[in-house]
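>>> no sequence on this one, just coordinates:
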């Protein structure tokens, strides 16, 4: 049996910082971001199931969220304004992400490759219903980062906060509305008020 480099590569997520074009009071890496997105995606699917009569798998949503940015180990974190500047750049970047996912998957033993390919490329047909929740969780994680930076007096994140909040509203996801009203306000509070 040959040696696999997959998990050693995944552990390098902690070295890829997000928000590269922004002045940060505290840097955030893709490892901690992915963990937060997993927690939030799990919550959003629970909201869907408990409040809106859904029957989706919150654990699968969390798994997809854990891997949603793993290809950035190879590609790096491309700033959102650049990644989505136009359709051409977005399409080319998706191809690059797919190639990066293929590279990561190739580091696994053959009998593991299909499972991780689906998680890294987020392409399993059964996951279609979960993708909006992972996307909303990703946006909420970015919004929380903006809120935290603004709490520290960093006005650099004001425009990002406003545009991310707008993009969440434009998703028209009732579960996101519940999260925004019940859970998000606490992120603006200091520790003494959270206890």
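Ah, there it is. On a predicted model such as this, the values are computed, not experimentally measured, just so you know.

>>> which helix or strand contains residue 175?
helix 174-182 (DSSP states H and E).

>>> counting by contacts, list what that helix packs against.
Here helix 174-182 touches helix 30-51, helix 131-151, going by 3 or more C-beta pairs under 8 Å, 6 or more residues apart in numbering; DSSP states H and E. Placement of C-beta: from N, CA and C, glycine included.

>>> contacts only, for the most centrally placed residue in the chain.
Residue closest to the mean C-alpha point of the chain, counted by C-alpha atoms, centre = their mean, is residue 138 at 3.5 Å. Residue 138 makes contact with 37, 65, 68, according to C-beta atoms under 8 Å, 6 or more residues apart in numbering.

>>> and if we set it to 6 Å?
Applying C-beta atoms under 6 Å, 6 or more residues apart in numbering, one finds that residue 138 lies in contact with residue 37.

>>> please report how far it lies from residue 111.
Taking C-beta to C-beta, to the nearest Å as the measure, residue 138 and residue 111 are separated by 30 Å.

>>> centre of the chain to the helix holding residue 175, how far?
Helix 174-182 sits 17 Å away from the centroid of its parent chain (C-alpha atoms, centre = their mean, to the nearest Å).

>>> show the average pLDDT along it.
Across helix 174-182, the average pLDDT comes to 98.

>>> residues contacting it, please?
Contacts for helix 174-182 (C-beta under 6 Å, 6+ apart): 44, 47, 48, 136, 168.

>>> can you pick out the most distant pair from those?
48 and 168 (15.3 Å; C-beta to C-beta).

>>> how many other residues sit next to residue 145?
Counted with other C-beta atoms under 10 Å, residues neighbouring residue 145 total 23.

>>> ok, and the closest non-adjacent residue to it?
Excluding its sequence neighbours, the residue lying closest to residue 145 (C-beta to C-beta, 6 or more residues apart in numbering) is residue 28, at 5.9 Å.

>>> I'd guessed the one you found sits against residue 18; true?
Yes: look at residue 28 against residue 18 with C-beta atoms under 6 Å: they come within range, at 4.9 Å.

>>> give me the buried positions along the helix or strand of the chain with the lowest mean pLDDT.
Ranked by mean pLDDT, DSSP states H and E, the weakest helix or strand in the chain is helix 80-83, scoring a mean of 71. Across helix 80-83, burial judged by 16 or more other C-beta atoms under 10 Å covers residue 80.

>>> among the helices and strands packed on helix 174-182, which is nearest residue 101?
The nearest among the helices and strands packed on helix 174-182, by C-beta to C-beta, is helix 30-51 at 14.4 Å.

>>> re the thing from before, give me the contacts around the least confident helix or strand of the chain.
Contacts for helix 80-83 (C-beta under 6 Å, 6+ apart): residue 93.

>>> how far off centre is the helix or strand following it?
Per DSSP H and E, the first helix or strand lying C-terminal to helix 80-83 is helix 87-105. Its chain's average C-alpha position is 16 Å from that of helix 87-105, according to C-alpha atoms, centre = their mean.
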